[in-house]
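Asker: Predicted structure and sequence below. I'll ask about it afterward.
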Amino acid sequence: MTAQQIDTLASDEAATEQRQLATLLQNGLTISTPKRSLLRYFGAKERTWHLKQPYLGTLEYLIREMSQLEDLTDQAGVIDRQRLAQTPKNFQRCARIVAIAILDNWWGLTFLTPFMSRYLANRITPDELIALVGIINHMANYPAFIGAIELMKVAPRITQPSVA
């Protein structure tokens, strides 16, 4: 392969990844968990949850939880699964991150996060939790969020208020 063909393949992969991310941000993701209580005999056998791009208030909670997983990520932001598996607290934190992303409103975050994280920790496998945290990390679109904050700090205002 020539260098031009490699560049073309790399740009195609990057464009495909951007299209997939845009579709994920637009449509969200639906996950399902099995019912294990007596409710499984009534209605559907699984509960479905919808993940979508979080609001700014939810991003604050997500950043707080993700920052405690920082020591488990490498330079590219990929979670090291082996180090994560060494401590069970990290799986509880992953379940909490997924619960925060599912609830995505103030009332849910304030009152239901502990219950939802315990529920998800008991019904989703660790590999699925890690995969969901990676997807939530992409859906949160942190670079755009941080870039907007930096732009607000750096860009001068067009109309400065006059001090009288």
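Answerer: Cool, got the structure.

Asker: which of the residues in stretch 27-35 are buried?
Answerer: I31, K35 (16 or more other CB atoms under 10 Å). Placement of C-beta: from N, CA and C, glycine included.

Asker: So for it, mean pLDDT?
Answerer: Computed over stretch 27-35, the mean pLDDT rounds to 84.

Asker: And stretch 99-106, by the same measure?
Answerer: 89.

Asker: Packing partners of the helix or strand hosting W49?
Answerer: Under the criterion of DSSP states H and E, W49 resides in strand 46-51. Where contact means 3 or more CB pairs under 8 Å, 6 or more residues apart in numbering; DSSP states H and E, strand 46-51 is packed against strand 29-34, helix 88-103, helix 126-140.

Asker: Just send these back as TSV, with distance to L109 too.
Answerer: What follows is those, written out as TSV (distance: least, CB to CB, whole Å):
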stretch	distance to L109
strand 29-34	18
helix 88-103	5
helix 126-140	14
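
Asker: follow-up on the earlier one: need the next SSE after the strand holding W49, C-terminal direction.
Answerer: helix 56-67.

Asker: Out of the helices and strands packed on strand 46-51, which is the most enclosed?
Answerer: Burial of the helices and strands packed on strand 46-51 is given as mean neighbour count (mean count of other CB atoms under 10 Å); helix 88-103 ranks first at a mean of 21.

Asker: Touching that helix from outside, list them.
Answerer: Residues from elsewhere that reach helix 88-103 (CB atoms under 8 Å, 6 or more residues apart in numbering): 49-51, 54, 58, 61-62, 65-66, 68-69, 72, 84, 109, 112-113, 116-121, 124, 126, 129-130, 132-133, 136, 139-140.

Asker: still on that earlier bit, pairing partners for the strand holding W49, with directions?
Answerer: In the sheet, strand 46-51 lines up against strand 29-34 (antiparallel) (DSSP bridges).

Asker: residues contacting I31?
Answerer: T48, W49, L51, I124, L132.

Asker: one more time with 6 Å
Answerer: W49 (CB atoms under 6 Å, 6 or more residues apart in numbering).

Asker: Also the one 5 residues further on?
Answerer: Residues near R36 by CB under 6 Å, 6+ apart: none.

Asker: just to revisit the earlier point, quick one: contacts of the strand holding W49?
Answerer: With contacts defined as CB under 6 Å, 6+ apart, strand 46-51 is touched by G28, L29, T30, I31, S32, T33, P34, A101, I102.

Asker: Dump the residues you listed to a markdown table, plus distance to E17.
Answerer: Output for the contacts of strand 46-51, formatted as a markdown table (distance: CB to CB, whole Å):
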| residue | distance to E17 |
| --- | --- |
| G28 | 18 |
| L29 | 16 |
| T30 | 21 |
| I31 | 21 |
| S32 | 25 |
| T33 | 28 |
| P34 | 31 |
| A101 | 21 |
| I102 | 24 |
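
Asker: Kind regards, and thank you for your time.
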